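Participant: 3D model of this:
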Amino acid sequence: MAGRGRPQMVQLAVAMLVLGVFAATFLWAGGWRFGGKTPDLAIGQPAPDFELPDLAGEQVSLSRFRGQYVLLGFWASWCPSCREEMPSLEQFYREFAGPDLVLLNVNIGESRDKVAAFAKKRDLTFPLLLDTGEKVRMLYGANLIPVFYLIDREGRIAARYLGLRDWSSDEVRQEIAARMGR
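Facilitator: Coordinates of the predicted model:
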């Protein structure tokens with residue numbers, strides 16, 4: 001009798017291991033890492049204004065870019081999906097951003113030194129803002145990361161992009177260009 005229960009115990013252990021790996025992967029990839037009430041930010045709604053320091057300590061406000069499109073992202077260095085998309089985001093920034101499109105990437109909850117080291121190691125040249133108190137993350141309801149908002153010239157939310165994305169792909173570039181009327 002004792003031998004009959006052993007295969008069931010092994011099956012149960014394997015099932016628990018698979019479930020644990022799935023849950024850990026989901027959480028680690030940016031799943032439910034952050035809590036809090038999510039604001040109802042709808043397409044066409046005004047994007048909430050904010051002011052955050054960049055890596056040089058200069059205060060940057062969203063309203064400063066009124067009249068331009070803004071691709072506003074939220075990320076963290078511990079997020080595997082965020083790390084994975086950084087090279088394509090850098091390529092997108094170097095080739096696509098310009099006078100009518102600004103990229104602002106908001107780091108959530110990490111120190112200036114940690115973010116600066118991360119950016120230097122990956123040769124990132126786009127603006128990185130520091131939301132150490134996570135107030136802007138909560139303002140935008142960025143509970144799952146990476147997440148990006150395309151904000152139009154009038155300061156309204158034009159699109160929301162959730163999850164890992166290849167920013168250097170033709171498909172992504174065409175979609176953003178179409179939303180910008182290019």
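Participant: show me the helices in the protein, by range?
Facilitator: Here the chain has its helices, by DSSP state H, at 2-28, 80-96, 112-121, 135-140, 170-179.
Participant: ranking the ones you listed by mean pLDDT, which is last?
Facilitator: For these, mean pLDDT drops lowest on helix 2-28, to a mean of 55.
Participant: now the residue sitting nearest the centre point of the chain: how far from residue 57?
Facilitator: Centrality entry for the chain: nearest residue to the mean C-alpha point is residue 146, 2.6 Å, by Cα atoms, centre = their mean. Remark: distance between residue 146 and residue 57 (Cβ to Cβ, to the nearest Å) = 24 Å. In this view, the C-beta of every residue, glycine as well, is placed from N, C-alpha and C.
Participant: before we move on, what about residue 69?
Facilitator: According to Cβ to Cβ, residue 69 stands 26 Å off from residue 57.
Participant: do residue 133 as well
Facilitator: 16 Å.
Participant: likewise residue 102?
Facilitator: Going from residue 102 to residue 57 by Cβ to Cβ gives 19 Å.
Participant: what does residue 94 give?
Facilitator: Taking Cβ to Cβ as the measure, residue 94 and residue 57 are separated by 24 Å.
Participant: quick one: the closest residue to residue 118 other than its chain neighbours from residue 91, how far?
Facilitator: Leaving out its chain neighbours, the residue that sits closest to residue 118 by Cβ to Cβ, 6 or more residues apart in numbering is residue 77, at 4.7 Å. Using Cβ to Cβ, we find residue 77 at a distance of 19 Å from residue 91.
Participant: neighbours around residue 56, how many?
Facilitator: 10 (other Cβ atoms under 10 Å).
Participant: circling back to that earlier point, out of residue 77 and residue 91, which sits in the more crowded spot?
Facilitator: Remark: of residue 77 and residue 91, residue 77 carries more neighbours, 17 against 14, as counted by other Cβ under 10 Å.
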